[in-house]
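>>> Got a predicted structure plus its sequence, pasted below:
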Amino acid sequence: MIELQVPHLPDAFRGQVARSALYISIFLWAVPLLEYIFRKRVRRNGSVPVIGLPSGTHLKDARQKFYSDAQSMLLEGYTKFKGSPFYVPTPLGERLMIPPKYVEELKGAPMEDVDFVGTFFEMFEGKYTTMGSRSQLHPRVTRLQLNQHMESILQPVREEIIDTFEDEVKVGSEWTEVPFADKLTWIVARASSRMFGGKELARNAPWLKATQDFAMDGFIGAQKIKQYPKLIRPFVAPFIAELRRIPRHHGAVRKAVSSILEARGYDPRKPVGSRTTSKPSDFLQWMIDDAQPGEEKPEFLAEILLKISFAALHTSAASPMQLVYDLCEHPEYIAPLREEVDKVMNEHPVLDKRALGKLRKLDSFMKESLRFNPLLLVTFERIIHNGYTLSDGFQIPPGTFVGSPSQAIAMNPEVYPDPEKFDGWRHEKMLQAVEKDPSAAGRTKWASANLDNMAFGYGRHACPGRFFADYEIKLIMAHLLSTYDFEYVKEQKERPANLNAETQMIPNHQAKIRMRRR
Ligand code: HEM
C-alpha cells in the first residue's frame, strides 16, 4: 500500500489530507458500486442462446474475452446458430447478433426505432471524443453529390496520389526499407483531402496533421475512458491527454477551412447556389451548395468536414495496407496484377471510371483481402431503443445493441467454398460465372453491399463512400504496382497479425517492407 508522506505539515493539516484521501478512496469504491446497482439493465430475450460460455466459464470472463478474441467468438456463434439470433458477451453487455433475414427487415426502419448513429457514439465515446454526428449533411452529400461528381475528381485525386508517393516514398533502384504503413496513411490523407477541399486543403499541413491526430487521439482516448465506470468518466476525462488535445484539432480544422471559405468569397447569408464566387468541384463546395438552414455556418461546415474525413481516412488507408501485406505474403499475384494494370494504363492514359472498371483481377484480389481483413467484424450495428417485434413474432427487447457478424458470414462455405483458403481470383471466377446477369455480377464486386458481403454495412446507412474508396484504392494500387517493386524485408517472416480491439480489426503498422523503383 502507498503511504502518503507529508513530512513538514502541521498535524491539523495532515489530518485534513488523510481525510481527503479517505473520501477519494470511498468515492472510487462507491461509484462503481452505485453504477452497478442503478445501471439501466437491458433485458435479454430468454429464448436466445448466449455463446462463449462453455461449462464453468463465468459471463464476466466471456465478456472480457470479447475484447481481444471477438473474431473466434463470433465465428463460433455464427457456425452454431446460422440463420437464428444469438447473444455474444461483450464488456458492455450481451449484444444480439441477428441473422440476415432480420437485417433485411430492419434495414429501412426509421432512425428513432433502429439507431445507427448511437452505436457510433458508443463505440468512440462521442461525448468525450466528439466523434459521431447526427447531422445528415455529410451522408447526404456523400450519397448524392460525391457519387454524381466522381468522374470530375478522379484525375485530381490521381495527381495527388502520384505527388504524395514522390514526396513521401524516397527510393531509387536500390532496395530501401520504407515505413510504408505510415506512408500509406499520408497518401490516403492527401488524396482524400484533395476530394474534400481541393489542392489547397490537400497541401495544408495543419489540416492533414489535425485530421490524423484527431482520429488517433479519438481512438486512443475512447479506449482509455472506456476503462472507467460511466459515472466517473466526466471527472477522469480532463486528465486524459488524448481527450485534452481534441479541441486543439478542431481549432486547426476550423482555421484551415475558414481560409478556403474566405478565398471562395463565402457568404452564408446568400441564397443556396450563390454563396461563393467560385465553384470548384469538391466536398466542401457540395456541402455549401446543399446546406439547409442551420447547416451553413463556417464552423459547422468545418466540423462536418472533420467528421467525414474521419469516416474516410483510416477506413480507406487500412485496405491498401492489408493489400500490400497480402501481396508480400502471396507474391505470385504481383505479376498478373501488374500485367492487368499496365495493359489498362496503356489503353487509358487517363484512368477514368471506365478504365478502373477494367481492373477486374485487382478488384477480385481486393475483395478477397477484405473478406479476411475487414475493418469491422460486426457491421449493421444499431441500437433498438424502444424494442422491436419482427414479422415472425421475434422480440428485440428495448435498449438492445444488435449487429450482424459480417466477417463470420464472409466465411460461409455455402457462398465461398473452402473459405479458409485465400484465393485472390475467387471473385473474378464468380464474376465470370454470372457475367450475363448484371445484378448477380454486381454482388461479386469489391464495393458491393449485400447480405453475404456486409463489410460496408447494409441498408439505408450502408457506406455511401465505398465507391470513392474503391476508385481511390485502385488508383493507389495501380501506381504502386506500375512504379515500384516491394516485399517484406528478410527479418519479416510472415504477415503481421492484425490488432483486434473488440469488433475493430486494425492493420499492424509495424511490418517491415522494402521497396525499389522499377
Ligand atoms: C474501405 C473504406 C471504408 C469502409 C470499410 C467503410 C465502412 C463503413 C461502414 C461499415 C459503415 C456503416 C454502415 C452500416 O452500418 O450499415 C460506413 C458508413 C459510412 N461511411 Fe464508410 N467506409 C469506408 C470508406 C468511406 C469513405 C471514403 C467515406 C467518405 C468519403 C465514407 C463515408 C461514410 C459515411 C458518411 C457513413 C455513414 C452513412 C450514414 O450515416 O447513412 N466511408 N462506412
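Sure, I can see it.
>>> Tell me where the protein has strands.
Taking DSSP state E as the test, the strands found in the chain are 86-90, 93-97, 176-178, 379-384, 388-389, 395-396, 400-404, 484-488, 499-501, 504-506, 513-517.
>>> Now do the fifth one: everything it contacts.
Right, the one you point to is strand 388-389. If you take CB atoms under 8 Å, 6 or more residues apart in numbering as the criterion, strand 388-389 is touched by 106, 109, 113-114, 395-396. For the C-beta atoms, the positions are set from N, CA and C on the backbone; glycine is no exception.
>>> ditto for the longest one
Counting contacts by CB under 8 Å, 6+ apart, the residues outside strand 379-384 that touch it are 98, 103, 106-107, 113-116, 118-119, 122-123, 396-404, 406, 454-459, 503.
>>> Filtering these by proximity to the ligand, which remain?
116, 455-459 (CB under 6 Å from any ligand atom).
>>> mind listing what the one residue in the stretch 151-300 of the chain that gets nearest to the ligand touches?
Residue nearest to the ligand within the stretch 151-300 of the chain: Ser192 (6.6 Å; CB to the nearest ligand atom). The contact partners of Ser192, taken as CB under 8 Å, 6+ apart, are 309, 312-313, 316, 472.
>>> So which of these reach the ligand?
With CB under 6 Å from any ligand atom as the criterion, these include 312, 316 near the ligand.
>>> where does the most centrally placed residue in the chain land on pLDDT?
In the chain, the C-alpha closest to the average C-alpha coordinate belongs to Thr315, at a distance of 4.1 Å (CA atoms, centre = their mean). Reported pLDDT at Thr315 in the predicted model: 93.
>>> and stretch 277-292, anywhere near the ligand?
No. Counting by CB under 6 Å from any ligand atom, the ligand is not contacted by stretch 277-292; separation bottoms out at 7.5 Å.
>>> residues making contact with that stretch?
Applying CB under 8 Å, 6+ apart, the contact partners of stretch 277-292 are 137-138, 140-142, 144-146, 149, 152-153, 194-198, 201, 257, 260-261, 264-266, 268, 272-273, 275-276, 295-296, 301, 304-305, 308.
>>> Model confidence score at Gly273, please.
Per-residue pLDDT puts Gly273 at 85.
>>> Can you name the residues that contact it?
Residues near Gly273 by CB under 8 Å, 6+ apart: Asp289.
>>> in the lengthiest helix in the chain, what's buried?
Counting residues, the longest helix in the chain under DSSP state H turns out to be helix 298-329. Neighbour counts over helix 298-329 (16 or more other CB atoms under 10 Å) mark 298, 300-328 as buried.
>>> before we move on, what about stretch 55-67?
For stretch 55-67, burial by neighbour count (16+ other CB under 10 Å) applies to 62-63, 65-66.
>>> Tally up the residues packed near His427, please.
For His427, the neighbour count with other CB atoms under 10 Å is 26.
>>> Am I right that it is in contact with Asp363?
Yes. In this structure, His427 is within contact of Asp363 by CB atoms under 8 Å, at 7.0 Å.
>>> shared neighbours of these two, which are they?
Residues touching both His427 and Asp363 (CB under 8 Å, 6+ apart) are 445-446.
>>> Low-confidence regions, this structure specifically.
Scanning the chain for pLDDT under 70 picks out 1-15, 17-18, 20-41.
>>> Tell me the spacing between the nearest residue to Ile476 once chain neighbours are set aside and Met287.
Nearest non-adjacent residue to Ile476, counting by CB to CB, 6 or more residues apart in numbering: Pro320, 5.2 Å away. With distances taken as CB to CB, to the nearest Å, Pro320 is found 27 Å from Met287.
>>> which bits of the protein sit near the ligand?
Counting by CB under 6 Å from any ligand atom, the residues of the chain that sit close to the ligand are 116, 138-139, 142, 308, 311-312, 315-316, 319, 375-376, 379-381, 455-459, 461-466, 468-469.
>>> Show the contacting residues for Pro419.
Each residue near Pro419 by CB under 8 Å, 6+ apart is listed here: 410-413.
>>> ok, the residues you listed vs the ligand, which is closest?
Taking CB to the nearest ligand atom as the measure, the ligand lies nearest Ala410 of the contacts of Pro419, at 12.7 Å.
>>> I figured that closest one hits Leu451, correct?
No. Using CB under 8 Å, Ala410 is not in contact with Leu451; the gap is 11.0 Å.
>>> Pick out whichever of these two has more residues nearby.
Ala410 (21 against 18).
>>> Can you give me the separation between the more buried one and Pro336?
Applying CB to CB, the value for Ala410 to Pro336 is 23 Å.
>>> and if you look at Asn500?
When distance is defined by CB to CB, Asn500 is 31 Å away from Pro336.
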